[in-house]
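Chemist: Compute the structure for the input listed below.
(one chain, ligands or ions: 1)
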Amino acid sequence: MAGKAEDRNLYDYIICGGGTSGCVVAGRLAENPQVRILVIEAGQHSKGLESVHMAGAWSTNFDKETDWNIVTPPMSGVNSRQVKLSRGRFLGGSSGCNGTLCIRGSKQDYDDWGLDGWSGQEFFECMRKAENFHSKPWFIANDDYHGHSGPLHVEPHDLAPISDLIMESFVSQGLPLDHDMFTTGETPHGCGHVPRTVHKGIRTTSGDFITNGYLRSNVTVMTDTTVNKILLRETSVGLKAEGVAVITPEGSKSVYAKREVIVSGGAYCSPAILMRSGIGPKEELSKHGIECKVDLPGVGQNLLDHMIVFMFYETEKPGLTNDYLVHHDDSFKKSYALWKEKREGFLSTFPFGCFAFARLDDRLKDEPLWKDAPREPGRDPMGLTPKQPNIEFFTTECYGGPKQYDQYPIDHKHAFSIIAELFSPRSRGSVTLSSKDPLENPIVDCNYLSDPLDLLVITEACRFANEIITKGAGTKDIVKGSWPPNLTHHTYTTREEWIPYVQEHGTTCYHAAGTCAMGKDDNPLAVLDNKLRVRGVSGLRVADCSVMPTLHGGHTQMPAYGIGEKCADIIKETWVAPQLGGLSKL
Ligand SMILES: Cc1cc2nc3c(=O)[nH]c(=O)nc-3n(C[C@H](O)[C@H](O)[C@H](O)COP(=O)(O)OP(=O)(O)OC[C@H]3O[C@@H](n4cnc5c(N)ncnc54)[C@H](O)[C@@H]3O)c2cc1C
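Modeler: Numbering: from 1, shown residues only. Below you'll find the model as predicted:
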């Protein structure tokens, strides 16, 4: 253990990665003033990053030092394309560059994990705890589900006219309106409004759990510092995590933890940190000359993501989409000035519009692959009960998306999109090391669409989405055609027509999960137990989206917040009551 000279490098808890879950763990543990916490973040502090606070600037965080800049290898399921997998690399992590959507999934998603302490009922409480919800007069909130005392400010989004029309189309195509369904997770087939992590024109991030109103003297934040590996010591009762080897701008050093080390590097970087520390699949470690200390074959396996497919349409009717606020003439300059002056306007929020969940039972029932696929009683071939949606639709209120979408409708043209998202994917990818150099990114292979059922469901989702836009009551008369105009998807009628489109356009929803999964004792691929403890090592937990054994039917930021809350609660259970004077029980 650290000697006297290293006392200033000695903390109670060290958190590796100041991202979405990591900052929540830090902020909650720090509520006890006796605890000293160190947060180590590879990127910079986010307080001066306008691109983080101004939600509309999300994409300007990418392709530079504020992004991990991970790119997949060519993947056979998507025409051997490579996909860019951006992740926030600054304090707050991906919560500072995401689409701000709060879609929690359904309770059944978490019940399906089958892990003590993680039932849907319990986990929804964790997500609620993080939240401070601010409703709007027009929004019909289900107040039983919203929190009002967490650091995470959340509010509903005022729709652009195009979204009101798409909502009308959703309803006319059999998806009834339930305003707050993305908070309750109780409606698997319907449309509604998605609350956002934006308030008064400013994005809230997990960084807010340890900065601004929650800045505490017992939390030290070390930015621009990369975690190399966890320092493990052999003790009489087995391996124990005693500290962390880091690379700072001044050079390498070690920091030590009296109690625990928590790895929160996200689903790509947490398995890499474990593997560099000698925890992971033995064969994989030996390829890089890393001594295997704990042979855990599940580390980096089971990579899950939600694939999405954008479909853009052109409308000639002015004033429906928001392109005029960002793509026409000098409108971007004006929108920026408005945000700077009043924290209002296009850039004060994220240009996603309205949303829907759908079950596809009726649409798929005659497909041979669906009919003949094996299934558990009460479940469909994707493993879902009728209470869980197969897919989500979301929409954009102007043209835009990941950087491959660069056909901007300048010249006073207008475009919007509907996006299909596949839930409960069966394809699994992996994270492996490219080398043992901590400054090199891991190899992330999403392996999209390697399972034919995934292709079946997502292509049917696209067919349904296209019907909603081209036949739905609100939009059928305003669609000129596909955007850009050289595309013809607005004319597609069969599912088969969508197959090449999906293979060419399918991309990430940025929902990486599963690579350090929790699981029961008899699961050989379980990396963690239900208390987030790394198997075979004491004093070491993982807390971020990598711990999810399967993906929920939603978006991953609310679970990331919930996992942070849950981790802090679990750790607090190891303390004796503060009023009894201490922390000492472990
Ligand atoms: C572009 C984008 C859009 C998204 N949109 C949405 C959305 O609208 N709604 C939604 O619910 N979800 C969305 N997501 C997903 C969601 O934001 C993430 O799943 C979630 O924030 C991940 O949380 P995490 O704690 O697992 O990881 P992260 O928040 O990524 O945190 C990991 C942190 O660890 C740091 N780190 C990693 N390795 C090291 C190391 N070796 N040393 C030190 N630090 C390290 C990283 O820099 C980062 O700060 C989006 C994500 C992205 C990227």
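Chemist: the helices in this protein, which residues?
Modeler: Counting by DSSP state H, the segments of the chain that form helices are 20-29, 50-53, 107-111, 120-130, 161-172, 181-184, 266-276, 282-287, 331-342, 361-364, 368-372, 452-471, 495-505, 557-572.
Chemist: so how many other residues sit close to Gly213?
Modeler: 7 (other Cβ atoms under 10 Å). From N, CA and C alone the C-beta is placed, and that goes for glycine too.
Chemist: Spit out the contact partners of it.
Modeler: Pro151 (Cβ atoms under 8 Å, 6 or more residues apart in numbering).
Chemist: circling back to that earlier point, single out the most deeply packed of the helices of the chain.
Modeler: helix 20-29 (a mean of 31; mean count of other Cβ atoms under 10 Å).
Chemist: Show me what that one is packed against.
Modeler: strand 10-16, strand 37-40, helix 557-572 (3 or more Cβ pairs under 8 Å, 6 or more residues apart in numbering; DSSP states H and E).
Chemist: And for the closest residue to the ligand within the chain, nearest residue in space, chain neighbours not counted?
Modeler: Closest residue of the chain to the ligand, Cβ to the nearest ligand atom: Gly19 (1.7 Å). Distances taken as Cβ to Cβ, 6 or more residues apart in numbering place Gly93 nearest to Gly19, at 2.2 Å, with adjacent residues excluded.
Chemist: same thing with Ala267?
Modeler: In space, Ala267 is closest to Ala512, 3.7 Å off (Cβ to Cβ, 6+ apart).
Chemist: Now do the contacts for the one you found.
Modeler: With contact taken as Cβ under 8 Å, 6+ apart, Ala512 is in contact with 85, 87, 266-268, 303-305, 444, 545-546, 556.
Chemist: Equivalent analysis for Arg363, please.
Modeler: 460, 463-464.
Chemist: what's the spacing between it and Val457?
Modeler: Distance, Arg363 to Val457, by Cβ to Cβ, to the nearest Å: 10 Å.
Chemist: repeat for Tyr399
Modeler: For Tyr399, the distance to Val457 - Cβ to Cβ - is 26 Å.
Chemist: what ranges do the strands span in the stretch 401-550 of the chain?
Modeler: Using DSSP state E, counting those that start in this stretch, the strands of the stretch 401-550 of the chain run over 414-422, 430-432, 443-445, 479-482, 507-508, 537-538, 540-542.
Chemist: With distance to Asn228, mean neighbour count and mean pLDDT as added columns, please give these in a markdown table.
Modeler: Compiled in a markdown table, those are given as follows (distance: least, Cβ to Cβ, whole Å; neighbours: other Cβ atoms under 10 Å; pLDDT from 0 to 100):
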| stretch | distance to Asn228 | mean neighbour count | mean pLDDT |
| --- | --- | --- | --- |
| strand 414-422 | 36 | 27 | 98 |
| strand 430-432 | 17 | 23 | 98 |
| strand 443-445 | 18 | 22 | 98 |
| strand 479-482 | 48 | 18 | 98 |
| strand 507-508 | 27 | 20 | 98 |
| strand 537-538 | 17 | 18 | 98 |
| strand 540-542 | 15 | 27 | 99 |
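Chemist: mind giving me TSV with those and columns for distance to Glu565?
Modeler: Shown next, in TSV, are the strands of the stretch 401-550 of the chain (distance: least, Cβ to Cβ, whole Å):
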stretch	distance to Glu565
strand 414-422	25
strand 430-432	25
strand 443-445	27
strand 479-482	43
strand 507-508	26
strand 537-538	23
strand 540-542	14
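Chemist: Can you report how many residues lie near Val71?
Modeler: 12.
Chemist: can you pull the contacts of it?
Modeler: By Cβ under 8 Å, 6+ apart, the contact list for Val71 reads 82-85.
Chemist: Among those residues, the buried ones, what's the PyMOL command?
Modeler: To isolate the buried members of these in PyMOL, using 16 or more other Cβ atoms under 10 Å:
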select buried, resi 83+84+85
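Chemist: Give me the neighbour count for the nearest residue to Tyr408 once chain neighbours are set aside.
Modeler: Of all residues not flanking Tyr408 in the chain, His327 sits nearest, at 4.9 Å (Cβ to Cβ, 6+ apart). Residues near His327, counting by other Cβ under 10 Å, number 21.
Chemist: that older thread, and the strands of the stretch 401-550 of the chain: which comes nearest Gln121?
Modeler: strand 540-542 (22.7 Å; Cβ to Cβ).
Chemist: measure the residue nearest to Tyr408 to Lys387 for me?
Modeler: Counting by Cβ to Cβ, the gap from His327 to Lys387 is 40 Å.
Chemist: Which residues of the stretch 301-450 of the chain lie near the ligand?
Modeler: Residues of the stretch 301-450 of the chain that fall close to the ligand, judged by Cβ under 6 Å from any ligand atom: Pro438.
Chemist: ok, 8 Å please
Modeler: Within the stretch 301-450 of the chain, the positions adjacent to the ligand are 350, 352, 402, 438 by Cβ under 8 Å from any ligand atom.
Chemist: and which of those residues is nearest to Ile230?
Modeler: The closest of these to Ile230 turns out to be Pro438 (Cβ to Cβ; 11.6 Å).
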